[in-house]
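Engineer: missing the sequence, but the structure's below:
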């Protein structure tokens, strides 16, 4: 997916295909990290510069900061969508039941302790562990 702006270009459309086609590979991300250069301003203070910050115009100013991780290695808001699409468990909640699917290839669910809470009108009626 192209991680441009504040989205990942409908990433779920690609990761959902892995459910339908077991040999499908998808959800590749372009770009993982912003492409910046650590430099100093005229006062010696460090900052992360991008294309065009050096008096040049190498781009149309749209393709420098597209990563799900900023150049200083902090995560961008786009990471939330990536984490959701790559999550290990999917929970399908219906009116009277819930089905948990383990998407891990090499770890079964016995490695996890899952806590649940059953609420009615915001009040906890039952809780426990699976």
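Structural biologist: Looks like it came in fine. Just so it is clear, the structure is predicted and the values come from calculations on it, not from any experiment.
Engineer: If you count neighbours, what's buried in stretch 1-21?
Structural biologist: Along stretch 1-21, the positions that meet the burial threshold by neighbour count (16 or more other C-beta atoms under 10 Å) are 1, 3, 4, 8, 11, 14, 15. Quick note: C-beta positions are derived from backbone N, CA and C, even for glycine.
Engineer: now, the most widely separated pair of those residues?
Structural biologist: The largest separation in the buried residues of stretch 1-21, counting by C-beta to C-beta, is between 4 and 15 at 17.9 Å.
Engineer: Can you tell me which residue is spatially central in this structure?
Structural biologist: Ranked by distance to the mean C-alpha position of the chain (C-alpha atoms, centre = their mean), the top residue is residue 82 at 1.8 Å.
Engineer: In this model residue 69 seems to touch that residue, though I could be wrong.
Structural biologist: No. Under the criterion of C-beta atoms under 8 Å, residue 82 makes no contact with residue 69, lying 9.8 Å away.
Engineer: Now do the end-to-end distance for stretch 31-41.
Structural biologist: Using C-alpha to C-alpha, to the nearest Å, the end-to-end distance of stretch 31-41 comes to 26 Å.
Engineer: and that stretch, which residues are buried?
Structural biologist: By neighbour count with 16+ other C-beta under 10 Å, stretch 31-41 contains the buried residues 31, 33, 34, 36.
Engineer: pLDDT on it, on average?
Structural biologist: Predicted confidence along stretch 31-41 averages 89 (mean pLDDT).
Engineer: Stretch 1-17 too?
Structural biologist: Regarding stretch 1-17, the rounded mean pLDDT is 83.
Engineer: And for it, what's in contact with it?
Structural biologist: Applying C-beta atoms under 8 Å, 6 or more residues apart in numbering, the external contacts of stretch 1-17 come out as 24, 26-32, 62-63, 66-68, 77-78, 81-82, 85-86.
Engineer: now that stretch: how far from the chain's centre is it?
Structural biologist: Once both centres are worked out by C-alpha atoms, centre = their mean, to the nearest Å, stretch 1-17 turns out to sit 9 Å from its chain's centre.
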